[in-house]
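J.: 3D, please:
(2 chains)
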Amino acid sequence: AQSVTQPDIHITVSEGASLELRCNYSYGATPYLFWYVQSPGQGLQLLLKYFSGDTLVQGIKGFEAEFKRSQSSFNLRKPSVHWSDAAEYFCAAGSNYQLIWGAGTKLIIKP
Amino acid sequence: DGGITQSPKYLFRKEGQNVTLSCEQNLNHDAMYWYRQDPGQGLRLIYYSQIVNDFQKGDIAEGYSVSREKKESFPLTVTSAQKNPTAFYLCASSTTGMETQYFGPGTRLLVL
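T.: Sure thing, here's the model as predicted:
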């Protein structure tokens, strides 16, 4: 069955520390891959996406993600987090109108 | 500014009542989507529409209905058959099914 797994429900990091959020997918072929961010009570904003080509993808707000086909992973990274990064992050995979979503990882920033 | 609007922000439903959530986009996108979000879960697809006058069921369509009479509008009706409607509902649109989906701000539906 197709699925997207975000193993960490919550992650707490100190402001200024580096961040890595994990995403693993199970899909018949290489899907399109996305990371979105959601602030409480708000809609989702696209951070970055991978369709093909360079496996290291740059996004907005200083985020990047690396596609690793051998590990079926698409982990999100940021070298130094800011308090404004506190939010929930969703990984999604799919194609042709239908995306499969992970359950989300809530990022908590310690001052 | 181009974007997606959803109204109302909060909606209250009484037992046995149908309610309709509005979604409008001015991005000139062909495809539109409705998702349901529950705490601790990812988004689940209710319905999607590839083009005007066409729509398909998603994973959890039971108890919901949609229409797509205009390119910019994709309203969702939560019928009385949906026994657990309390959730956050998100509308999205994209140019095609293979492109990025852009989201509205959401509507929170509560049952009285």
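J.: Is it correct that residue A:61 falls within a helix?
T.: Yes. Secondary structure of residue A:61, determined by DSSP: H, G, I helix; E, B strand; the rest coil: located in a helix.
J.: Number of residues surrounding it?
T.: Neighbour count of residue A:61, defined by other CB atoms under 10 Å in any protein chain shown: 13. The C-beta positions use only the backbone N, C-alpha and C, and glycine is treated the same way.
J.: same check, this time on residue B:9
T.: Using other CB under 10 Å as the criterion, the residues surrounding residue B:9 number 10.
J.: The helix or strand of chain A with the lowest mean pLDDT and chain B in contact?
T.: Every helix and strand in chain A was compared by mean pLDDT, DSSP states H and E; the lowest is strand A:98-101, with a mean of 92. Yes. Strand A:98-101 comes into contact with chain B (CB under 8 Å from any CB of the partner chain), by way of A:98, A:99, A:100, A:101.
J.: how close does the residue nearest the centre of chain B sit to residue A:21?
T.: For chain B, the residue sitting closest to the mean C-alpha position, by CA atoms, centre = their mean, is residue B:34 at 3.1 Å. Between residue B:34 and residue A:21 the distance, using CB to CB, to the nearest Å, works out to 26 Å.
J.: ok, now residue B:27?
T.: Here residue B:27 is placed at a distance of 28 Å from residue A:21 (CB to CB).
J.: follow-up on the earlier one: can you give me the buried ones in the next helix or strand after the least confident helix or strand of chain A?
T.: Using DSSP states H and E, the helix or strand that directly follows strand A:98-101 along the chain is strand A:105-110. Applying a neighbour-count criterion of 16 or more other CB atoms under 10 Å in any protein chain shown, one finds A:105, A:106, A:107, A:109 buried in strand A:105-110.
J.: helices or strands up against the lengthiest strand in chain A?
T.: In chain A, assigned by DSSP state E, the strand with the most residues is strand A:87-95. Where contact means 3 or more CB pairs under 8 Å, 6 or more residues apart in numbering or on different chains; DSSP states H and E, strand A:87-95 is packed against strand A:3-5, strand A:32-38, strand A:73-78, strand A:98-101, strand A:105-110.
J.: Of the residues of strand A:98-101 next to chain B, just say which sits nearest to residue B:58.
T.: Closest approach to residue B:58 among the residues of strand A:98-101 next to chain B (CB to CB): residue A:98, at 7.4 Å.
J.: Just grab the bridge partners of the closest one for me.
T.: With DSSP bridges as the criterion, the beta-bridge partners of residue A:98 are residue A:95.
J.: can I get the residues of strand A:98-101 next to chain B in TSV with neighbour count?
T.: Below are the residues of strand A:98-101 next to chain B laid out as TSV (neighbours: other CB atoms under 10 Å in any protein chain shown):
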residue	neighbour count
A:98	16
A:99	26
A:100	21
A:101	23
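J.: which one of those sits closest to chain B?
T.: Checking those against chain B by CB to the nearest CB gives residue A:101 as the nearest, at 3.2 Å.
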